[in-house]
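Q: Structural data only, the sequence is not supplied:
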């Protein structure tokens, strides 16, 4: 990749964030209601006894992030739910920007609601980007380990990101880090080495009783280096998308939005007893 492309990608991400926090509420449209999921009358089946909670990424929402995966899981017999979290006042549509600890509290409340509605004892959680990392705070500090059977992270920011090296430049711009923390706390929380991440990962990446799966792509340009997404500990399975299908070119956004090879591996993680090998042909299943 040409050096200028390495610079432009993180700059584009930063500009998108700036647009998200400055767009007037009157000019943005709220996400459309989800179709086919968030059905609180859904009762889990014997073959899929746990509802699946989908957790969107930074700048995402409960609908747009899951237009691919939610129907994929619904047609396979799962009760599927998704939440909005990390909202900032006056910023519609673009969520996942508030403090990650507070967002984990929102996830706790949502999981309790889903379990009460479905009658299930546990849920499985699938998250993209921040949505694959944030639930770990819920599991470790908010009692979530007793209510979650499995956590599947798609390109999760488990150990933060350098944003292709761009965050290393923050010290050279006085006040930039403080501005980031004030206006978009979740972005500051996800910078590699942040205080939040130090507390999250102190004492190990996992908690007992939860199965963990990480699905990463080596072409990820947002959560970098991509190996920082991996977890260490018992009951962890780290998967590189290109080990399943070498010609899969999905980057950070595509792997969560429409990559059916990644979706197939999510389904395997949710139901390991019925898992089938994930290959390039899985894109057509």
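A: Received, thanks. Just so you know, these numbers come straight off a predicted model, no measurement behind them.

Q: Quick one: low-confidence residue ranges for the protein.
A: Along the chain, segments meeting pLDDT under 70 span 1-35, 164-179, 181.

Q: what ranges do the strands span in it?
A: 52-55, 80-83, 123-128, 148-154, 211-216, 236-240 (DSSP state E).

Q: Quickly run through the sheet partners of the second one, with directions.
A: In this case it means strand 80-83. Within its sheet, and counting by DSSP bridges, strand 80-83 is paired with strand 52-55 (parallel).

Q: for the fourth one, same thing?
A: Each strand pairing with strand 148-154, determined using DSSP bridges, is listed with its direction: strand 123-128 (parallel), strand 211-216 (parallel).

Q: and the angle for that strand with strand 236-240?
A: 20 degrees (axes from the mean of the first three to the mean of the last three C-alpha atoms, to 10 degrees).

Q: do the same with the third one
A: Between strand 123-128 and strand 236-240, the angle comes out at 30 degrees (the same axes, to 10 degrees).

Q: coming back round to it: tell me which of the strands paired with strand 148-154 sits nearest to residue 262.
A: Across the strands paired with strand 148-154, residue 262 has its closest neighbour in strand 211-216 (5.4 Å, C-beta to C-beta). In this view, the C-beta of every residue, glycine as well, is placed from N, C-alpha and C.

Q: Can you give the distance from the closest one to the centre of its chain?
A: For strand 211-216, the gap between its own C-alpha mean and the chain's C-alpha mean amounts to 11 Å (C-alpha atoms, centre = their mean, to the nearest Å).

Q: Next: stretch 200-210.
A: 17 Å.

Q: What of stretch 97-104?
A: Distance, centroid of stretch 97-104 to centroid of chain: 13 Å (C-alpha atoms, centre = their mean).
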